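Chemist: predicted model follows, preceded by the sequence.
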Amino acid sequence: MKGKFITFEGCEGVGKSRQIHLLEEYLKKNGIKYFLTREPGGTCVSEQIRNVILDGKNVEMTDECEALLYAAARVQLLKEEIAPRLARGELVLCDRYVDSSLAYQGYARGLGVDFVEKINDYAIKNFMPDYTLFLNLPPEQAFKRKGGVDKTDRLELSGIEFHDKVYNGYLSLAQKYQNRFIVIDASGEKEQTHAKIICALKEKGVL
Ligand code: TYD
């Protein structure tokens with residue numbers, strides 16, 4: 001039996017981590033078994049790649065190098081952790097996945113969706129999520145709520161124009177992959193957003 005693979009996407013500061021935490025509490029309370037991981041990271045090798053990608057000192061990193069490193073971290077996580085669990089019928093939750101690469105590297109860095117899809121096709125061999133929860137909140141509102149930018153994070157330092165491009169990229173992806181994307185309005189209180197997530201996952205038969 002194949003398990004269910006759910007990913008979480010959104011711009012910086014939309015409250016993704018908090019929502020994942022609330023969902024975990026819900027799953028525990030209801031005795032639903034799950035495995036949670038994150039990208040980039042989730043395995044020993046992938047966490048080391050993560051440190052290289054996000055290190056604010058790596059200013060000379062090319063966009064192509066960045067995209068390939070994300071794909072490398074992804075395939076390691078997929079083979080080591082995600083694929084075996086899905087094969088055993090488990091529920092797998094992942095904080096970011098290939099749509100982050102499409103939005104950040106494909107749209108915002110300007111590498112193009114085709115290039116990013118191509119390297120990821122190679123890395124993940126059509127291992128796509130069943131559903132992708134996109135927490136929808138424009139970057140300006142998200143950074144305001146978050147209380148500013150994390151100055152040690154290379155990606156957060158990229159400027160509002162970059163994050164607007166990421167956001168618009170996500171909106172295009174949500175349009176293109178309507179069957180997979182679940183767009184969640186994340187502008188309200190955290191409990192309201194949580195309720196919307198639970199409702200959507202129930203509707204799709206995941207919960
Ligand atoms: P992280 O601190 O985990 O951010 P968040 O809490 O917002 O998920 O850092 C991950 C950063 O990496 C984030 O800025 C998004 C970016 N990213 C990409 O640019 N491409 C990718 O493929 C992935 C997985 C993440």
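Modeler: Perfect, thanks for sending it. The structure presented is a predicted model; accordingly, all values stated were derived computationally and were not measured.
Chemist: and the contacts of the helix or strand of the chain with the lowest mean pLDDT?
Modeler: Lowest by mean pLDDT, DSSP states H and E among the helices and strands of the chain is helix 139-146, with a mean of 88. The contact list for helix 139-146 (CB atoms under 8 Å, 6 or more residues apart in numbering) reads 11-15, 137, 149, 160, 163-164, 166-167, 187. Bear in mind the C-beta positions are built from the backbone N, C-alpha and C, glycine included.
Chemist: my read: Ile6 touches Leu201, true?
Modeler: Yes. At 7.4 Å, Ile6 and Leu201 qualify as touching, with contact defined as CB atoms under 8 Å.
Chemist: what is the burial count for Ser205?
Modeler: Careful, residue 205 is Gly; it's not Ser. Counted with other CB atoms under 10 Å, residues neighbouring Gly205 total 9.
Chemist: that one - that's part of a strand, no?
Modeler: No. Assigned with DSSP: H, G, I helix; E, B strand; the rest coil, Gly205 falls outside any strand and is coil.
Chemist: what angle separates whichever helix in the chain runs longest from helix 139-146?
Modeler: Assignment by DSSP state H gives helix 160-176 as the longest helix of the chain. Following axes from the mean of the first three to the mean of the last three CA atoms, to 10 degrees, one obtains 110 degrees for the angle between helix 160-176 and helix 139-146.
Chemist: can you list the residues of the protein near the ligand?
Modeler: Applying CB under 6 Å from any ligand atom, one finds that the chain approaches the ligand through 12, 16-17, 39-40, 54, 70, 95-96, 100-101, 104-105, 155.
Chemist: PyMOL command to pick out the buried ones of those residues?
Modeler: Buried residues among the residues of the chain next to the ligand (16 or more other CB atoms under 10 Å), as a PyMOL selection:
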select buried, resi 12+16+39+40+54+70+95+96+100+101+104+105+155
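Chemist: how about CSV for the residues of the chain next to the ligand, with secondary structure and distance to Arg88 added?
Modeler: Formatted as CSV, these follow (DSSP: H, G, I helix; E, B strand; the rest coil; distance: CB to CB, whole Å):
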residue, secondary structure, distance to Arg88
Glu12, coil, 33
Lys16, helix, 26
Ser17, helix, 26
Glu39, coil, 21
Pro40, coil, 24
Leu54, helix, 31
Tyr70, helix, 26
Asp95, strand, 21
Arg96, coil, 23
Ser100, helix, 26
Ser101, helix, 26
Tyr104, helix, 31
Gln105, helix, 31
Leu155, coil, 33
